[in-house]
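**Q** A structural model of the following input is requested.
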Amino acid sequence: MLACAMYAAGIRRRRGKSDVRQRFRDVSYFAGIACVFLALESPVDALADHLFWVHQIQHILLRMIAPMLIALSAPQATLIRGLPRALRDGMLSPFMGSGLLRRLFGFLTNATVATLLFIAALYVWQYPPIHNAAILNDAIHYTMHVTMLVAGLLFFWRVFDMRPPPMGNGYGKRLMMLLLVSLTQVGLGAYLTLKSEVLYPAYDVAGRYFGIKPLTDEIAGGFIVWAPSSMMCLIAALIVIHSWGRQETRADERHPAWSGGNVWHPTTGADLVAQARAKNRTLAIGVAGLVVLMFGMAIFAGVLDHLNAKAPGGLFARSAAVERAVR
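**A** Now for the predicted structure:
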């Protein structure tokens, strides 16, 4: 409520008329806050304590969707504008001007550090002993949610940084960050989907809802980590590619094209589109190929698991006790 009130006050104090882009940012900010509310203050939170697959949906909201929307809104200026002047000048300015704070923030938002923190926020909390402890202890559970949200905000702030290079990260580096995260999520999701034993008995202690079998619950949760989470990375990559194209277009409009012969000739937007058509086609094929590859991996893994579960002594064969539980 405080975050929404500050932003609303900043909108009221904003000078000039808001354009379409700024209105999109406003909607994106409030949608991001709504996702945090949905994850923590709706039936999703109550169900997440009793169903592993719902818990993974909650994590997607906190780690990915909410931070993506908030980062896309670039809310810093509006939030600062929404603070009372006394608080802004008397406390915020000295605080933000602290050299120690600036160095700490610079370290945490380094591309490598932010990516590692984002991956760790998933892997550490999915480690069975830690995850089981979080389900049965509220303090640990709250810490899980806070660290996931903070790691997501740091990561996507770097990915969607409105500043073009060199002030912000290069767009190629941003795509590499998303690719690394996507691969780590595919790896963990595949493991959780293909495993043949129950890793999180804490949900049985809390009481697993609707009579769903433990292994079925965890396989469904693993697939959510595998596919929907990776699709969020793909959506973010498309946004980065779009921003990259816009930045290049602005740069080309500022600088006339070199045609050779020591003569500069202005280049129209249509000319730029024609020149970039081959490059864009290659990029589009690459993105489409990544989508096909990810879905192909999911289908192949499902078929492999099915065949190995039936084959005695197969690589992923289930034990007799687990097979009876699945039936």
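**Q** all helices of the stretch 151-300 of the chain, in order?
**A** Here the stretch 151-300 of the chain has its helices, by DSSP state H, counting those that start in this stretch, at 171-194, 202-206, 214-254, 269-310.
**Q** Check what contacts the shortest one and list those residues.
**A** Yep, that's helix 202-206 we're talking about. With contact meaning C-beta atoms under 8 Å, 6 or more residues apart in numbering, helix 202-206 is reached by Asp49, His50, Leu51, Phe52, His131, Asn132, Ala133, Ile135, Leu136, Pro214, Asp217. Just so you know, the C-beta spots here come from the backbone N, C-alpha and C atoms, and that holds for glycine as well.
**Q** per-residue confidence averaged over that helix?
**A** Taken as a whole, helix 202-206 carries a mean pLDDT of 94.
**Q** For the stretch 201-327 of the chain, give me the ranges with low pLDDT.
**A** Within the stretch 201-327 of the chain, the ranges that satisfy pLDDT under 70 run 251-327.
**Q** So which of the contacts of helix 202-206 belong to helices?
**A** Counted as lying in helices by DSSP state H, out of the contacts of helix 202-206, are Phe52, His131, Asn132, Ala133, Ile135, Leu136, Pro214, Asp217.
**Q** Can you select the buried ones from these in ChimeraX?
**A** Typed into ChimeraX, the line below selects the buried ones among these, using 16 or more other C-beta atoms under 10 Å:
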select :52,131,132,135,214,217
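**Q** which pair in the ones in helices among the contacts of helix 202-206 spans the largest distance?
**A** Ala133 and Asp217 (18.5 Å; C-beta to C-beta).
**Q** ok, now how distant is the residue most central in space within the chain from Val240?
**A** With distances taken as C-alpha atoms, centre = their mean, Met64 lies nearest the centre of the chain, 3.0 Å away. Per C-beta to C-beta, to the nearest Å, Met64 is found 15 Å from Val240.
**Q** ok, now Phe24?
**A** 16 Å.
**Q** The two: who's more crowded?
**A** For Phe24 versus Val240, neighbours defined as other C-beta atoms under 10 Å are more numerous around Val240 (21 against 13).
**Q** Skipping adjacent residues, who's closest to the more buried one in space?
**A** Spatial nearest neighbour of Val240, excluding adjacent residues (C-beta to C-beta, 6 or more residues apart in numbering): Arg174 at 4.9 Å.
**Q** The one you found touches Val159, doesn't it?
**A** Yes - using C-beta atoms under 8 Å, Arg174 is in contact with Val159, at 5.0 Å.
**Q** mind listing what the closest residue to Pro75 other than its chain neighbours touches?
**A** Nearest residue to Pro75 in three dimensions, chain neighbours excluded: Tyr29, at 5.0 Å (C-beta to C-beta, 6+ apart). Tyr29 makes contacts with Tyr7, Leu69, Ile70, Ser73, Pro75, Thr78, as judged by C-beta under 8 Å, 6+ apart.
**Q** tell me which element Tyr29 falls in.
**A** Per DSSP states H and E: Tyr29 is located in helix 20-41.
**Q** Now do that helix: distance to the chain's middle.
**A** Chain-centre distance of helix 20-41: 15 Å, with C-alpha atoms, centre = their mean, to the nearest Å.
**Q** So for that helix, what gets flagged as buried?
**A** Residues of helix 20-41 classed as buried: 22, 25-26, 28-33, 35-36, 38-40 (neighbour count, 16+ other C-beta under 10 Å).
**Q** What of stretch 156-170?
**A** Neighbour-count burial for stretch 156-170 flags Phe156, Trp157, Arg158, Val159, Phe160, Asp161, Pro164, Gly168, Asn169 (criterion: 16+ other C-beta under 10 Å).
**Q** Assess the claim that the second one and Thr109 are in contact.
**A** What that stands for is Trp157. Yes - counting by C-beta under 8 Å, Trp157 does reach Thr109; the two are 6.4 Å apart.
**Q** can you tell me which of the buried residues of helix 20-41 lies nearest to Thr143?
**A** Distances from Thr143 to the buried residues of helix 20-41, taken by C-beta to C-beta, are shortest for Leu40, at 13.4 Å.
**Q** Quick check: the closest one touching His145?
**A** Yes - Leu40 is in contact with His145 according to C-beta under 8 Å; the separation is 6.6 Å.
**Q** Name the residues contacting each of these two.
**A** Common neighbours of Leu40 and His145 (criterion: C-beta under 8 Å, 6+ apart): Leu62.
**Q** Leaving out chain neighbours, which residue sits closest to Leu69?
**A** Leu69 sits nearest to Gly32 (C-beta to C-beta, 6+ apart), 3.3 Å away.
**Q** before we move on, what about Leu61?
**A** In space, Leu61 is closest to Ala39, 3.9 Å off (C-beta to C-beta, 6+ apart).
**Q** Just the pLDDT at the one you found, thanks.
**A** 96.
**Q** contacting residues for it?
**A** Shown in contact with Ala39 (C-beta under 8 Å, 6+ apart): Asp45, Gln58, Leu61, Leu62, Ala66, His145.
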